[in-house]
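K.L.:
Below is the sequence, then the predicted model.
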Amino acid sequence: MDKLSDASAKLVVWDDDDPENPQSWSNLRKYCILATISTGSLCVTCASSVVTSAYKGIERDLGASEEVAILGLSLFVVGLGLGPMLLAPFSEFYGRKPVYFAAFLAFFLLGLPVAFANNKPVFFIFRFLTGFAGSAFLSVAGGSVADLWAPSETFFPMAFYTCSPFAGPVLGPVFAGFINQYSNWRWSFWVITIWSFINLVALTLFAPETFHPVLLSRRARQLRNTTGDASYYAKHELVLEGKSLLSTISASSTRVAKLLTLEPMLLLLCIWCAILLGILYLFFELFPIVFAKHHFQEYQVGLSFIGIGIGNFLALATMPFFIRRYHARMADPSRAGPEARLELGKVGAILAPAALFTFAFTSYAHVHWIAPIIASVFFGGSIIYVYTSVFTYSATVWQPLAASAMGANSALRSAFAAGFPLFANPMARRLGTVGTAALLAGLTCLIAPLPFLFDRYGPQLRAKSKFSM
């Protein structure tokens, strides 16, 4: 039936302060959901980096070379990158909760062969598959923030959620370093498996459906059933009419490719994020080389990553200040607009190269080990500033295609994160740790003008865009 041409059709929408509208729920309930989802993201991303502390055990027990062992990290991240393009459309049909449950169940089950693997093919294949399964969760988790809060209120919740995918990789080497120092390397993966099961239970109990279109579709269906009036409908039902899941997945993948090729603004923002994540994952190979000069044991190398995590949370602590600046700018009609969300990105653009140059020139053996760790604190903060800025800006500018814009970002940054660790050791051998870190700092300098240019010329560039609002 063509509901739009039927005068008797009754569109189902949220009432004012509708108790079933996720944005009307209490802050306590919303933050409990956010904490549950963020813990899930922490678990998935932590699983990516625990392998970095297990290389010696993998080389010994599975007969892998040093270069091949690094594939345990890269293949997982490749899975993380491929998943969102193929799996994100599932939430459009079924909602967020079924994707949460299915993704974490698969992540838990596929993690078991990794922990018990007795040969290289099993270990590496299931590392890729666990990354792919975990990516389904990550592909929809960020959307829950938009479900729970109005656009003007998403700054702090988005920053809170953004911390989890970056604190996860930092946390992995911290606890895995202790495990591999004092126990069997397989325990690193058993801990992740146990954690994923606990998180699966928590998601089942504490993460209700929050996707507005699916909730309104359910309400329309319930009204039709209880009243016998077939004229009730939800917009989402019209959107899905005649669409199949396979065609939606195909369209989603095509949209990602189109956005990256036809939207230079988005492409540059994605490259910016990809470079920073690539550097973070390269650090998993570079830190052991840097701190070997200070005779660090395995668990101490793991603890050295805490600096990045501290930077993440210090950046989160400063969010109230930036939120006030954002609202002050939005109150000024001459300066209001999506570009107000780039203020955080400007700070991150300055912090990242400064932190990396400092890290480079304090990584000499004669410099106290605390100096490069302090530098890493500022790098950790820059990541949160940049990602919060890019995510909120992208979701605002490409609002109708926000999921595809995020998918494009995820695909590109995962490609960089998978590739960068593979050339970390050759770079360190040729350039030394100082030269390697200085080269990375120079790379971030090249991209640093981006938020300043977009703040200045963003409105004109958006006016020429085919997809932006």
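P.N.:
Yes, it's here. Numbers count the residues shown, from 1 in each chain.
K.L.:
and the helix or strand containing C32, which residues are buried?
P.N.:
According to DSSP states H and E, C32 maps onto helix 27-49. Neighbour-count burial for helix 27-49 flags 30, 33-49 (criterion: 16 or more other CB atoms under 10 Å). The C-beta positions use only the backbone N, C-alpha and C, and glycine is treated the same way.
K.L.:
Repeat that for stretch 263-278.
P.N.:
Buried-residue list, stretch 263-278, by 16+ other CB under 10 Å: 263, 265-267, 269-278.
K.L.:
just stretch 382-402 next, same as before
P.N.:
382-398, 401-402.
K.L.:
And the strands in the stretch 151-300 of the chain?
P.N.:
232-233 (DSSP state E, counting those that start in this stretch).
K.L.:
Need the pLDDT of S8.
P.N.:
For S8, the pLDDT comes out at 67.
K.L.:
Domains in this structure, by residue range?
P.N.:
Domain assignment for the chain, taken from automatic domain parsing, gives 12-210, 244-469.
K.L.:
Mind putting the ones you listed into TSV with distance to G228?
P.N.:
Output for the domains of the chain, formatted as TSV (distance: least, CB to CB, whole Å):
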stretch	distance to G228
domain 12-210	16
domain 244-469	29
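K.L.:
can you tell me which of those comes nearest to E237?
P.N.:
Between E237 and the domains of the chain, the tightest spacing by CB to CB is seen for domain 12-210, at 9.2 Å.
K.L.:
thought T130 was touching S48?
P.N.:
No: using CB atoms under 8 Å, T130 makes no contact with S48, being 9.3 Å away.
K.L.:
what touches both of the two?
P.N.:
Jointly contacting T130 and S48 under the rule CB atoms under 8 Å, 6 or more residues apart in numbering are F76.
K.L.:
thinking again about what came up before, which ones among the buried residues of stretch 382-402 lie within helices?
P.N.:
Filtering the buried residues of stretch 382-402 for membership in helices, criterion DSSP state H, returns 382-397, 402.
K.L.:
Could you pull up the residues touching the residue lying closest to G40 once chain neighbours are set aside?
P.N.:
Excluding the flanking residues, the one nearest G40 by CB to CB, 6 or more residues apart in numbering is N199, at 5.0 Å. When contacts are counted by CB under 8 Å, 6+ apart, N199 touches T36, T39, G40, C43, F104.
K.L.:
let's go with 6 Å and repeat that
P.N.:
Taking CB atoms under 6 Å, 6 or more residues apart in numbering as the contact definition, N199 lies against T39, G40, C43.
K.L.:
again with D18
P.N.:
For D18, the contact set (CB under 6 Å, 6+ apart) comprises S24.
K.L.:
and if you look at V256?
P.N.:
M85, S404, G407, A408.
K.L.:
Does L316 lie in a helix or a strand, and which?
P.N.:
Applying DSSP H and E, one finds L316 within helix 306-317.
K.L.:
Please identify the buried residues of that helix?
P.N.:
Neighbour-count burial for helix 306-317 [16+ other CB under 10 Å]: I306, G307, I308, G309, I310, G311, N312, A315, L316.
K.L.:
Identify the residue spatially nearest to I279, adjacent ones excluded.
P.N.:
That would be L440: by CB to CB, 6+ apart, it lies 5.2 Å from I279.
K.L.:
Give me the buried stretch members for the strand or helix carrying that neighbour, please.
P.N.:
Using DSSP H and E, L440 sits in helix 424-447. Residues of helix 424-447 classed as buried: 424-425, 427-428, 433-434, 436-438, 440-441, 443-444, 447 (neighbour count, 16+ other CB under 10 Å).
K.L.:
Against which helices or strands is the following helix or strand past that helix packed?
P.N.:
On the C-terminal side of helix 424-447, the nearest following helix or strand under DSSP H and E is helix 450-463. If you count contacts as 3 or more CB pairs under 6 Å, 6 or more residues apart in numbering; DSSP states H and E, helix 450-463 packs onto helix 264-292, helix 343-361.
K.L.:
what about P98, neighbour count?
P.N.:
P98 has 15 neighbours, counted by other CB atoms under 10 Å.
K.L.:
Just the CA trace of the helix or strand hosting it, in CSV.
P.N.:
Here P98 sits within helix 96-116, counting by DSSP H and E. Output of helix 96-116 as CSV, limited to C-alpha atoms (Å, rounded to 0.1, in the frame of the first residue of the first chain):
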residue,chain,number,x,y,z
ARG,A,96,20.7,-2.7,17.3
LYS,A,97,20.1,-5.3,20.1
PRO,A,98,20.0,-8.4,17.8
VAL,A,99,23.3,-7.2,16.2
TYR,A,100,24.8,-6.7,19.7
PHE,A,101,23.9,-10.2,20.8
ALA,A,102,24.8,-12.0,17.6
ALA,A,103,28.1,-10.2,17.2
PHE,A,104,29.2,-10.8,20.8
LEU,A,105,28.0,-14.5,20.7
ALA,A,106,30.1,-15.0,17.5
PHE,A,107,33.0,-13.0,19.0
PHE,A,108,32.9,-15.3,22.1
LEU,A,109,32.6,-18.6,20.2
LEU,A,110,35.2,-17.7,17.5
GLY,A,111,37.6,-16.7,20.2
LEU,A,112,37.8,-20.2,21.6
PRO,A,113,39.8,-21.7,18.7
VAL,A,114,42.3,-18.8,19.0
ALA,A,115,43.0,-19.7,22.6
PHE,A,116,43.3,-23.4,21.9
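K.L.:
just how off-centre is that helix within its chain?
P.N.:
The chain centre lies 18 Å from the centre of helix 96-116; the measure is CA atoms, centre = their mean, to the nearest Å.
K.L.:
Over to stretch 364-380?
P.N.:
Centroid separation for stretch 364-380 versus its chain: 26 Å, with CA atoms, centre = their mean.
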